[in-house]
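Novice: can you look at this prediction? I've put the sequence above it.
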Amino acid sequence: MTSSTLDLSGQTAIVTGANTGIGRVTALELARMGAHVFLACRSQERTLPVVEAISTETGNPQVEFLHLDLASLTATRDSAQNFLARDLPLHILVNNAGLAGVAGMTVDGFEITFGVNHLGHFLFTLLLLERLQDSTPARIVHVSSRAHTRPQTLDLEIVRLPRRSFLGRLEYSESKLANILFHIELADRLEGTGVTTYALHPGVIASDFWRMVPQPLRWFLTRPMITNEEGAQTTLHCATAPQLAKESGLYYDDCQVEQTSEAARDRELAALLWKRSEEWCTPFLGNPKSNRS
Ligand SMILES: NC(=O)c1ccc[n+]([C@@H]2O[C@H](COP(=O)([O-])OP(=O)(O)OC[C@H]3O[C@@H](n4cnc5c(N)ncnc54)[C@H](OP(=O)(O)O)[C@@H]3O)[C@@H](O)[C@H]2O)c1
């Protein structure tokens with residue numbers, strides 16, 4: 001378990017999808033350790049009470065809402081630009097937001113699970129990369145899932161088509177495979193920069209993640225699952241544990257390094273995913289505004 005005796009004062013962190021679930025606990029614990037924490041979420045209405053609650057519980061006034069809707073590349077770019085315009089360093093980026101079981105497309109015409117879980121985070125991370133590199137040592141944490149082991153590969157020709165599987169299970173697994181492929185390619189590209197990257201499975205958690213399952217089935221399904229507090233531990237470990245400072249490109253489960261699936265170790269696929277994602281995001285990758293000289 002991560003010790004909250006760590007002192008993160010002077011450090012800035014962004015946690016995506018932090019208004020609920022394990023993202024909320026991650027933001028809370030980072031704030032408790034003294035970091036300036038941004039809760040990057042799509043709903044101001046659902047997030048401001050959480051910002052208030054975290055600030056009150058931790059006594060840390062540096063807890064803020066940052067609008068981020070990962071289902072829109074324009075909104076994602078605006079979010080990164082709004083953060084960069086604050087002229088703050090960035091030491092910890094936790095790409096935690098995620099959804100499953102939802103049918104639909106993003107504003108930019110991607111299947112929504114791929115668009116939110118992978119592509120939005122890809123763009124957000126790339127736009128913040130220079131700031132992370134200016135703030136070293138810095139860490140990027142990708143909340144993936146053991147579900148990444150299901151697909152044998154990732155078909156990048158079909159991510160612009162509507163959902164094809166029952167309950168979107170396949171799309172979710174593929175998006176979590178994409179998280180790890182992005183992470184291993186990023187680790188290669190960041191080697192020697194002082195920015196390290198981590199991917200993880202948080203456990204199976206009784207969070208709002210299961211909101212699409214109707215009651216009382218949801219109650220029965222989530223009863224044996226771990227709590228949000230337990231589920232946030234691997235994320236917090238990757239984001240803060242001093243002994244991981246020199247590790248990069250690895251995958252963790254229950255705070256231990258684990259082997260990923262064969263598809264998730266496919267370097268050619270990782271390079272191809274990066275290339276295609278970069279092409280899709282090109283119109284949004286311009287010159288992020290910054291007050292820094
Ligand atoms: N729960 C599990 O058993 C489990 C297992 C393995 C991996 N994971 C992964 O763990 C991460 C966190 O999940 P959780 O269990 O804490 O789920 P959760 O309680 O449902 O939280 C998901 C968060 O993602 C946000 N989000 C969804 N769509 C978004 C968008 N378009 N833009 C910005 N934020 C968006 C949600 O915001 P709203 O509240 O506005 O919807 C929410 O804050 C996810 O990446 C998930 O894939 C979870």
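Specialist: Arrived safely, thanks for sending. Numbers count the residues shown, from 1 in each chain.
Novice: and residue 106, how far from residue 268?
Specialist: 26 Å (Cβ to Cβ, to the nearest Å). The way it works is simple: take the backbone N, C-alpha and C, and place the C-beta from them, glycine included.
Novice: between those two, which has more neighbouring residues?
Specialist: For residue 106 versus residue 268, the count of surrounding residues by other Cβ atoms under 10 Å is larger for residue 106: 21 against 7.
Novice: I'd say residue 81 and residue 131 touch.
Specialist: No - the pair residue 81 and residue 131 fails to qualify as a contact (Cβ atoms under 8 Å) at a distance of 11.2 Å.
Novice: which bits of the stretch 51-200 of the chain sit near the ligand?
Specialist: 68, 69, 70, 71, 96, 97, 98, 99, 116, 143, 145 (Cβ under 6 Å from any ligand atom).
Novice: could you dump those residues to JSON lines with neighbour count, secondary structure and pLDDT?
Specialist: Converted to JSON lines, these look like this (neighbours: other Cβ atoms under 10 Å; DSSP: H, G, I helix; E, B strand; the rest coil; pLDDT from 0 to 100):
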{"residue": "68", "neighbour count": "27", "secondary structure": "coil", "pLDDT": "98"}
{"residue": "69", "neighbour count": "20", "secondary structure": "coil", "pLDDT": "98"}
{"residue": "70", "neighbour count": "29", "secondary structure": "coil", "pLDDT": "98"}
{"residue": "71", "neighbour count": "20", "secondary structure": "coil", "pLDDT": "98"}
{"residue": "96", "neighbour count": "24", "secondary structure": "coil", "pLDDT": "98"}
{"residue": "97", "neighbour count": "24", "secondary structure": "coil", "pLDDT": "98"}
{"residue": "98", "neighbour count": "24", "secondary structure": "coil", "pLDDT": "98"}
{"residue": "99", "neighbour count": "21", "secondary structure": "coil", "pLDDT": "96"}
{"residue": "116", "neighbour count": "27", "secondary structure": "helix", "pLDDT": "98"}
{"residue": "143", "neighbour count": "30", "secondary structure": "strand", "pLDDT": "98"}
{"residue": "145", "neighbour count": "25", "secondary structure": "coil", "pLDDT": "98"}
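Novice: farthest pair within these?
Specialist: 69 and 145 (21.6 Å; Cβ to Cβ).
Novice: next, the residue of the stretch 51-200 of the chain found nearest the ligand: phi, psi?
Specialist: As assessed by Cβ to the nearest ligand atom, the ligand sits closest to residue 98 within the stretch 51-200 of the chain, at 2.4 Å. With angles defined as degrees, to the nearest 10, residue 98 sits at phi -170, psi 160.
Novice: look up the closest residue to it, ignoring the ones flanking it.
Specialist: residue 117 (4.9 Å; Cβ to Cβ, 6 or more residues apart in numbering).
Novice: so for residue 81 and residue 131, which sits in the more crowded spot?
Specialist: residue 131 (23 against 15).
Novice: distance of that one relative to residue 84?
Specialist: In this view, residue 131 and residue 84 are 6 Å apart by Cβ to Cβ.
Novice: ok, now residue 95?
Specialist: For residue 95, the distance to residue 84 - Cβ to Cβ - is 17 Å.
Novice: the two: who's more crowded?
Specialist: Neighbours per residue (other Cβ under 10 Å) separate residue 95 from residue 84, with residue 95 holding more: 30 against 19.
Novice: please list all residues in contact with the nearest residue to the more buried one once chain neighbours are set aside.
Specialist: Spatial nearest neighbour of residue 95, excluding adjacent residues (Cβ to Cβ, 6+ apart): residue 121 at 4.4 Å. Applying Cβ atoms under 8 Å, 6 or more residues apart in numbering to residue 121 gives the contacts 16, 70, 95, 97, 142, 179, 182.
Novice: rerun at 10 Å
Specialist: 16-17, 68, 70, 76, 93, 95-98, 115, 140, 142-143, 175, 178-179, 182, 277 (Cβ atoms under 10 Å, 6 or more residues apart in numbering).
Novice: quick one: it is in a helix?
Specialist: Yes - counting by DSSP: H, G, I helix; E, B strand; the rest coil, residue 121 is found in a helix.
Novice: hey, where'd the helices end up in the protein?
Specialist: Using DSSP state H, the helices of the chain run over residues 21-32, 44-58, 73-84, 112-114, 121-133, 169-189, 217-222, 228-231, 233-240, 267-281.
Novice: kindly tell me how buried residue 80 is, as a neighbour count.
Specialist: For residue 80, using other Cβ under 10 Å, the count is 24.
Novice: and the pLDDT for the residue nearest to it when sequence neighbours are not counted?
Specialist: Leaving aside its sequence neighbours, residue 80 sits nearest to residue 127 (Cβ to Cβ, 6+ apart; 3.6 Å). Predicted confidence (pLDDT) at residue 127: the value is 98.
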